[in-house]
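>>> Sequence first, then the predicted structure:
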Amino acid sequence: MAGGGCGLSPLGPAPPMWYHRDLSRAAAEELLARAGRDGSFLVRDSESVNGAYALCVLFQKHVHTYRVLPDDEGFLAVQTSQGVQPKRFKTLPELVSLYLQPSQGLVTTLLYPVDREETVLSDDRDYSDGEDEKPPLPPRSASTSTPPGPDTPTESTPAANGLSTISHEYLKGSYALDLEAVKQGACSLPHLNKTLVASCKRLNGEVDKVLTGLEILSKVFDQQSAFMVSKMIQQSVNQGGDQELENLVTKLAILKDLLSSIEKKALKALQDMSLTSPCSPPLHSMRHSKAIPVQAFEVKLDVYLAELTKIGKSQKYTLSVDVEGGRLVVMKKVKDNQEDWITYTHDKIRQLIKSQRVQNKLGIVLEKEKDKSQRKDFIFASAKKREAFCQLLQLMKNKHSNQDEPDMISIFIGTFNMGSVPSPKSVASWVLCRGLGKTLDEMTVAIPHDLYVFGSQENSVCDREWVESLRAMLKDQTELDYKPIAVQTLWNIKIAVLVKPEHENRISHVGMSSVKTGIANTLGNKGAVGVSFMFNGTSFGFVNCHLTSGNEKIARRNQNYLDILRLLSLGDKQLSSFDISLRFTHLFWLGDLNYRLDMDIQEILNYINRKEFDPLLKVDQLNLEKDKNKVFFRFVEEEISFPPTYRYERGSRDTYVWQKQKATGMRTNVPSWCDRILWKSYPETHIVCNSYGCTDDVVTSDHSPVFATFEVGVTSQFVSKKGLPKSSEQAYIEFESIEAIVKTASRTKFFIEFYSTCLEEFKKSYENDTQSSDNINFLRVGWSNKQLTTLKPLLSEIEYLQDQHLLLTVKSLDGYESYGECVLALKSMIGSTAQQFETCLSHRGEETGKIRGSMRVRVPSERMGTRERLYGNVQLSLHDGDRTENQFLTLCFFVCSLRPKQEAANSDSSISKNSYNNPAYYILEGVPNQSAAAISAELLPSPTSANPQAAKAPHPTASARTKPPCPSSGPPPQRRPMTGLSVPTVGSTLNRPPPDFPPPPLPKAALEPGSEPPMTKPRTLHPDLAEVRIPSAPAAPPVLGEVFRRGGAGGGALDDQSCSVLQMAKTLSESEFSGPPPPRAPSAPPLRGQPLGLGLDACRTFPPRNPITESIAEDMPEEVGLGESSVGEWLQRLGLERYEQGLLHNGWDDLEFLSDITEEDLEEAGVMDPAHKLILLESLRQQQQK
């Protein structure tokens, strides 16, 4: 805060009531709107300049903001136009008193002060929680800002605010003495010198330690210069008295020389040693983790319809994954107990395709010979087994990759409120993710993670002891010596980050910070600690918090979150315009958030006893506040499938203690999910949550430890093989237009700032050239291409640019304050034509508007080379089996509404959803106002065709549902919700997808010309499908000729990507037609379930390219009317419908291949009654004889 002349406080003796401290811009506008009278005013701190203020005035329902800036002498003045002499004031009240008079240059006279609401300070206790009557005192080691080690002192270090106090003391008192001395002719500032010496006192000692350490290195690697170094250090030490500051400068100069030369000296010494002695193995090669044993999975070959009439046979297989050897063995059991197997090396495994409809089903694309691949679908024993298999294969490919740097790492995150008692003897189940909820399979539970992040609350153990116990536990489990890269503490809130030894040198730019949110935001019994760093080219942030407790203190918890978001100082300092939720590629937020359940205690206990968590999650305060966008805007949380983690009886996990007798009476403390882990990621990044649960055997605290593991894609520090781009090879980021809708009552002008690690410095646009408002509280502003600058990335390679992101902030010209920020992925924008984007603006954790526009990233052809990421070989799919061209096109339009009625009935059309994952999104939901002429009458039978009924096909929709609404900032693929999709009829408008979206490779063998038999009409079990004729394979229409041909060349064989809906969507969107689309044909009733409309109210941005490839079509058996309904009717006729789910789960979803089923298969499907087995087998035998 700026100081007035002669050391006076700029606020005067006491802060006036119209001064609102750090009130946000949006909140200030809301207070003035509530006041409602012209001339209403208040003053708040500026959000753009430290020490400055913002004078906000209401006039004609609009808010006008004036910046009040301090000058070099500490005087305050309202910022004026260039050439106008400002009026200077010693204090803020003096300034305001002038503008209370008329005709002083403001838009109106200041008339009605809007006073701040003085909140009564309440202690941050929740008696129902059993917290102490007084907040706990901070531990002796109040803050640890460096990793604990043998040489790390345990004494508490002076806080940064202590040094700040020294500076303030000088400005308030000694500054005037120096000023007086200068007026009397003094040539030095003794009081300032004394202040600097006091501030740098600790630095002096630290430099001595560093110099001594480097002196030892110098003696080892260069004995000739060691004497000179010692002499220089001694000379600097001997200087004393009044020359302390000069002494420090001398030491720093010596330190600079040593740091610049020591590496060269050491390199030369080691090179000389290598010539005279045998080379010893590097240190990291001697660190071995436990060898991962070969893991075997019992599976069944899934029966799917490769063609509409050809049915496969179910067979048993064993898949053995040899991570260390880099091999996958596929073993088939044949007759007479013989086995037949094929071995595939890691480089022959091309793709894994996860079925989202059948959670334990996986498609594997294997390379059999050059340019020939084959897909096989397998049914695993459970979804957990499927995930374990995928993790092992990914680990194997990563381990044997020829890349120098990893594409993907695994992260463990844990949070534990320890209840102010010593650490339990063992927390192995915590780090091994064993317990309740979504846990890891036993085959993968012991595989070491690359990063471990531990957050704790009410942790009374000293930092060093706690971290060393974590390291010892990890070494017992993994045989690796994990390295602590950061430890941060605020009282009893702690966070520690440990990394595999092999990754230690990949960590850089480590930052740590803490924020107090306890009583009056001055005590650290509540608050947050944070750690940030770069892993090669990917930025990470981790926040561990302990928020206000108490069932009813929701608003206080919300404010805690907003304070932490704003005040936690982490990440790149150049991104100070952005809160921490936008400063990192991946931000993880963990801790005891203390949000409770709003439900009667007996109802809660009943639901917990029945393990019914959905009704409880609907009344979870955190979920309710997130749905209102009040907290954790666009954060994601994995589905909760474990019981509430608080408040247990200590020593047991069988009983919740929900009542406590206090002096004020009986207090109720309902069981709740207080301990949570959430995350927020940039768009089009790879992140998958593999586990989320809690332990059930750690009983020392009234909280259970919570764990989560993540698979995260990372980028390397890119080095261009072609060097810096020449002018002819320069890539450009070009904008055609940008439009923003900002929530504000102001009518100022705006400009946009662009930030990115791919830019040498941030860039600004010119002010907006269009502006309008249909609502007093919202403003629409626009920039044409003339107002938008062209950005030049540092490097022009597409491999580099596709990993980059662009941060935008919309700022006002009057106060240079941000009205909203967002992040865009460049990956979707790469191409020769401009692509449209649309996303939300947020500021200080709250949604403040929307922004959309058109841009392109133009990459020269010389820089187009790229490579596939290792995590790109895992895809998601809602359909199974291969498709020919005409099968797929027809199914896209006629089969996507085939889904269970119960699922449709349960869908809630009122919930705003986005189909970020569904490839139909690229056709139907992308950026509006884009048309495609590719879908024409040639795609569907015309009204004059031989099949007139086909032209009157119903207009079906598809809808799927997942629990949490997903942000556009890159949540994990499987967590993104999907919206109800309306499939267009002929001539309807399609939306444009991102350019050059890589579709998933499919088996080429199935797509060779002539390899497919002629199409035949499928069996018609569904009366609604009887009128739909799937045409035979005619020649592709000219407009689609490029879809199915390799590289766009004509006359070639069908590409193995020809069946991809993404490729079709891309091609269909490349041509447009003008004029309004023709009217739709009347829609018939949906085939199964009720359709849902497009979720157009939700914010739309382009989804990730690599890991997501789904189809709007469902599993093939259901599409042709076979599968589930047939088996269900058969079982219902026999009175054994109870076994339907078990049979379907094990892959027995069609009567025609149930003939191969054995008694053992029936037992695996849950049929244990001998009489029932006999009935089923006899029925199948009779059907086979018919």
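Thanks, I have the structure now. Note that the structure is a prediction, hence the values are computed from the model and not measured. Numbering: from 1, shown residues only.
>>> and the closest residue to Glu729 other than its chain neighbours, what are its phi and psi?
Counting by CB to CB, 6 or more residues apart in numbering, Pro860 is the residue found nearest to Glu729 once chain neighbours are left out, at 4.7 Å. From N, CA and C alone the C-beta is placed, and that goes for glycine too. The phi/psi pair for Pro860 (degrees, to the nearest 10) reads phi -70, psi 150.
>>> Cross-check the contact I'm expecting between Pro860 and Glu797.
No: in terms of CB atoms under 8 Å, Pro860 does not count as a neighbour of Glu797; the distance is 9.7 Å.
>>> Tell me the secondary structure at Arg650.
On the three-state scheme (DSSP: H, G, I helix; E, B strand; the rest coil), Arg650 is labelled coil.
>>> what's the closest non-adjacent residue to it?
Of all residues beyond its chain neighbours, the one nearest Arg650 is Asp702 (5.7 Å), with distances taken as CB to CB, 6+ apart.
>>> ok, Phe735 - contacts?
Contacts for Phe735 (CB atoms under 8 Å, 6 or more residues apart in numbering) come out as 783, 785, 788, 790, 853-855.
>>> ok but it is inside a strand, no?
Yes: membership of Phe735 in a strand is supported by three-state DSSP.
>>> what are the bridge partners for it, then?
For Phe735, the residues forming beta bridges with it (DSSP bridges) are Met855.
>>> circling back to that earlier point, give the ChimeraX command for selecting the buried subset of the contacts of Phe735.
Selecting only the buried entries of the contacts of Phe735 in ChimeraX, with 16 or more other CB atoms under 10 Å as the criterion:
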select :783,788,853,854,855
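>>> Just the ones of the contacts of Phe735 in helices?
When those are checked against helices using DSSP state H, none is located there.
>>> pLDDT averaged over the helix or strand where Lys265 lies - what is it?
When secondary structure is defined by DSSP states H and E, Lys265 falls within helix 244-276. Regarding helix 244-276, the rounded mean pLDDT is 70.
>>> List the buried residues in it.
By neighbour count, and taking 16+ other CB under 10 Å as the criterion, the buried residues in helix 244-276 are 244, 247-248, 250-251, 254, 258, 262, 265.
>>> again, but for stretch 80-87
For stretch 80-87, the neighbour count (16+ other CB under 10 Å) marks Lys87 as buried.
>>> What's the local residue count around the residue nearest to Glu729?
16 (other CB atoms under 10 Å).
>>> Okay, it and Asp769: tell me how far apart.
Taking CB to CB, to the nearest Å as the criterion, Pro860 is separated from Asp769 by 31 Å.
>>> just Ser188 next, same as before
Here the distance between Ser188 and Asp769 works out to 54 Å (CB to CB).
>>> okay, now the nearest residue to Thr538 once chain neighbours are set aside: neighbour count?
Leaving out its chain neighbours, the residue that sits closest to Thr538 by CB to CB, 6+ apart is Val714, at 4.3 Å. When neighbours are counted by other CB under 10 Å, Val714 registers 25.
>>> tell me the pLDDT at Val714?
At Val714, the model reports a pLDDT of 95.
>>> Numbering from 47 from now on, please.
In the new numbering, first residue 47, that becomes Val760.
>>> Surely it touches Ile455?
Yes: with contact defined as CB under 8 Å, Val760 counts as touching Ile455 (5.6 Å).
>>> and Tyr812, what does it touch?
Neighbour list for Tyr812: 797, 829, 832-835 [criterion: CB under 8 Å, 6+ apart].
>>> Those residues: which two are farthest apart?
Distance extremes for these: the farthest pair is Phe797 and Lys832 at 13.5 Å, using CB to CB.
>>> Looking at the two, which is more packed in?
For Phe797 versus Lys832, neighbours defined as other CB under 10 Å are more numerous around Phe797 (18 against 8).
>>> residues in contact with the nearest residue to Asn831 once chain neighbours are set aside?
For Asn831, ignoring the flanking residues on the chain, the nearest one in space by CB to CB, 6+ apart is Glu782 at 5.1 Å. Glu782 is in contact with 831, 880, 899-902, counting by CB under 8 Å, 6+ apart.
>>> want to throw those residues into a markdown table with distance to Ile541?
Conversion of the contacts of Glu782 to a markdown table gives the following (distance: CB to CB, whole Å):
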| residue | distance to Ile541 |
| --- | --- |
| Asn831 | 46 |
| Ala880 | 43 |
| Gly899 | 38 |
| Ser900 | 42 |
| Met901 | 38 |
| Arg902 | 41 |
